[in-house]
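A.B. asks: Sequence first, then the predicted structure:
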Amino acid sequence: MSSTVQKEENEKKVGVYICHCGGNISDHVDVDQLADNIKNIPGVVVTHTNMFMCSDPGQELIQKDIEDGRINRVVVASCAPSLHELTFRGAIKRAALNPYLYEHANIREQVSWVHHGESATSKATRLVSAAVAKARNLEALEPIRVEARQHVTVIGAGVAGMRAALDLSGCGIAVALVEKSPFLGGQAAQLTELVPTGEKAADVITQLASAVVKDPQISVFTSAEIVQVEGYVGNFKTTIRQRPPASRDDIPRTMSGNYQPFAGFLPDILPGDSRDIQLETGVIVLATGFKTYSPHSGEYGYGENPEVIALPQLIREMALAQNNGRVLQVNGRAIRRVAFIHCVGSRQIPGIHEPDENGEVNEYCSRTCCSATLQAARQIRQSFPGTHVLEYYRDIRTYGRGQEEVYDQASDGNVLFFRFEADAPPLVEKANGSGYPLKITVKDVLTFGENVTAEVDLVVLSVGMVPTPISDLVEMMKLPVGADHFLQEVHPKLRPVEVANTGILLAGTCQAPMDIGEACAAAQAAAAKATALLVKGYVELDPFVANVDLERCSGAGRCTEVCPVEGAVRMADRQVDGQPVERAEVNPALCTGCGICVGECAENAIDVNGWALKQYEEMVDAILAA
C-alpha cells in the first residue's frame, strides 16, 4: 500500500450535520452561523444543516458523504442522544462505516431549550467543537457478542405474565412462569366483569391459564419465588424456591384445573415438598403486577365504621348478592343509598393528604379507578333499582375506547354526581339519630360551592393501584424504580418495556397503572423484545466498557472494590514476563461503562472504550478554544 493511500485512510475527516429540529433548535440557535463557526475547525471537511436530520433525507445526507469517501467520522448536532443515537448509528452502518465512529452533540435540551440569542449560538458552538474534538480521536469498535440461551423466565402469572409466556412460546422460546401464589390470574381474578367490553374476568383468565398449562414449552411454578439471580443477558442463572401453599388443606383438589372466584385459576401442579430449582435463562420478564391501595385507619372513616369499605370488597359482595329484590344487600343489610368516593390513594397532594409510613404520597393517577367505579354504580342501578347511588369525585377520567359510554350509562341511570376540590374532600361522619348509619358532607363545585349533606347506608372508597412490594427483587437485580415506586423503563416511547439492565424487561402494571388491554399490549411488546434478543442465539452489546492496559496495571485491585456491578471487574491470574501475577480483568457483558474504576486507578491502567481520558481532554481543550 502506498504512503499516500495509507495517509488518506488514516486521515480523520469529520462531517458535521446540524438539525433545525423543526424550529425547536433553529428558533433560538442560528444554525447557519453555527455551521460557519465550526467549518474551519481542524478535521472538519463537511457541514450540513437540515430541517430534520432524523428524517430519511437527513440520514441520506450522511450516507452519501460516507459512500463518496468525503468523511470517515460523523458528528450530529440535534436533540438528546437518547432519542436518535441509534437512528444515526444505523444510518452510518448502512453506509458501510463503523457505527461507533460517531459523536452526538445535544443542542436542543442543553442549548435551545434553556438559552436564547447569541448565548445559545455561542454555547452550541462550544458543544459542537467538543464533539468534533472527540470524533477526531474515535477508534472503530466492535459490538460485544455473548451467547444467548433461548429461554425466558417470566416472574408473575397474572394476565400480563401469562400473555407474555404464550407469545414467547409461540415464537419457539422456552419459558419458566413463576408465580408466588398457588393461583394463576393475578389481580384480574378480583374482578367479575371487564370494562368496557363486558367480558367475564373468569373467562379471560381461564382461556389464558388453560393455554399456559397445556403448552409443552411453558413450565409453570406456582407457590414459588425467585431467591437468587446472577449473570447477564443471554446467560442469567436463577434460583426458584417452591413451597407448598400454607393453606394447602383449604384448597379443594376438585378445584384443580378450574377457576375459583376471587382467587384465580388453580392448576393441578401444586408442589408437594419445598425445593430449590436452578434455571439457566436468557432473558427475565418482570410481570409482578400491582396491589390495591389500602386506606389508612380513619381515612373517610375506613376501619372505624364497618359501613365504609373499599371497592374490591363491594365487587365481591355484589357477586355474592342474590338478585332477588330491588335493593342491594351487603352483609345482610339493605343498602338504600350508597356513596362512592373517587381517587382514594391516587392523585394525592403533599401537605393535604396523609403520607404513608415512608412519609410519601401517591401523586399519580391510577387511571382505571373511575371506570371501575362507574361500572359498579351502573350495575347497582341496573340490578337493584331501589338502591340510589351518589358519586363524589375530583375529576372523571374515563380514558380509552368505549370507556366514556360507561360514564354516560351511569349518568342516564340516575347516578347523582358531586364534585369536590382536592383541599376540601368529602367528610364522612356517623349519622346520629337518623335511619342511616353515616352521613357525608361535601362542598359541591357543581352547585357553586354549596355544602351538601346526604345520609347513606354504605360508603365505598375507589382505591387506586400501588406497585406490588418486590424490594427483594429490586435489590437482587438492581432494578431502577421511579418516583412513583413502579419499575422504571428506559424511555416511555423509544424503549418502553426495557430497563437499564440489559436482558430484563417489563410487562404490565409493574411499571405503571394500566387496564387489562394495555397490560396485554405491554406483555406482547416484552415478548417481542425478548424474542428479538434471543432468536439469533447470541446478543450483541455496545462496546462502551472498561478496558485494562496490562502493561500499566499493578494489580492493586481498587477497581474491583469500587465497581458497583458485582462481577464486572475481578482479579485474575495472568503471566507477565513469565511470572504469575494478579491483574484486573473486565467481564464486558456485565460492565456498564460507568467509569468509576477509571478515576480510582492510580496507574491510569484502565479506560472506557469510546470515552477515553484522552478524548475528554481534547473535548475540554476544544471548549476553551471555541
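C.D. replies: Good, I have the coordinates.

A.B. asks: all strands for the stretch 301-450 of the chain, in order.
C.D. replies: 308-310, 328-330, 333-335, 337-344, 388-393, 416-419, 427-430, 438-444, 450-456 (DSSP state E, counting those that start in this stretch).

A.B. asks: Out of these, which gets nearest to Ala35?
C.D. replies: strand 337-344 (51.9 Å; C-beta to C-beta). For every residue, glycine as well, the C-beta is placed using N, CA and C.

A.B. asks: From the contact counts, what lies against the closest one?
C.D. replies: helix 369-383, strand 388-393, strand 450-456, strand 458-463 (3 or more C-beta pairs under 8 Å, 6 or more residues apart in numbering; DSSP states H and E).

A.B. asks: Looking at the ones you listed, which is nearest to Val16?
C.D. replies: Judged by C-beta to C-beta, the one of these that comes nearest to Val16 is helix 369-383, at 50.7 Å.

A.B. asks: what comes up buried for whatever helix or strand Ala521 lives in?
C.D. replies: Per DSSP states H and E, Ala521 falls inside helix 516-534. Of all the residues in helix 516-534, those buried under the rule 16 or more other C-beta atoms under 10 Å are 516, 518-531, 533-534.

A.B. asks: Please apply the same query to stretch 549-558.
C.D. replies: Neighbour-count burial for stretch 549-558 [16+ other C-beta under 10 Å]: 553, 556-558.

A.B. asks: And the furthest pair within those residues?
C.D. replies: Cys553 and Arg558 (10.8 Å).

A.B. asks: what's the spacing between the closest residue to Gly186 other than its chain neighbours and Ile516?
C.D. replies: Sequence neighbours aside, Gly158 is the residue nearest to Gly186 in space, at 2.3 Å (criterion: C-beta to C-beta, 6 or more residues apart in numbering). The gap separating Gly158 from Ile516 is 9 Å, by C-beta to C-beta, to the nearest Å.

A.B. asks: contacting residues around the closest residue to Val499 other than its chain neighbours?
C.D. replies: Spatial nearest neighbour of Val499, chain neighbours left out: Pro480 (5.5 Å); criterion: C-beta to C-beta, 6+ apart. Applying C-beta atoms under 8 Å, 6 or more residues apart in numbering to Pro480 gives the contacts 487-488, 499-501.

A.B. asks: hmm, try it at 10 Å
C.D. replies: 474, 487-490, 499-501, 504 (C-beta atoms under 10 Å, 6 or more residues apart in numbering).

A.B. asks: Where does Asp167 sit: helix, strand or coil?
C.D. replies: helix (DSSP: H, G, I helix; E, B strand; the rest coil).

A.B. asks: meant to ask about Thr509, not that
C.D. replies: coil.

A.B. asks: mind starting the numbering at 24 from now?
C.D. replies: From this message on, residue numbering opens at 24, which makes the last subject Thr532.

A.B. asks: From Tyr416, how far off is the nearest residue to it once chain neighbours are set aside?
C.D. replies: Leaving out its chain neighbours, the residue that sits closest to Thr532 by C-beta to C-beta, 6+ apart is Phe313, at 4.3 Å. Separation of Phe313 from Tyr416 (C-beta to C-beta): 22 Å.

A.B. asks: And for Tyr387?
C.D. replies: 17 Å.

A.B. asks: if I pick the residue nearest in space to the middle of the chain, what's in contact with it?
C.D. replies: Nearest residue to the geometric centre of the chain (C-alpha atoms, centre = their mean): Glu512, 3.1 Å. Applying C-beta under 10 Å, 6+ apart, we find Glu512 in contact with 503, 505, 518-523, 528-529, 534-535, 545.
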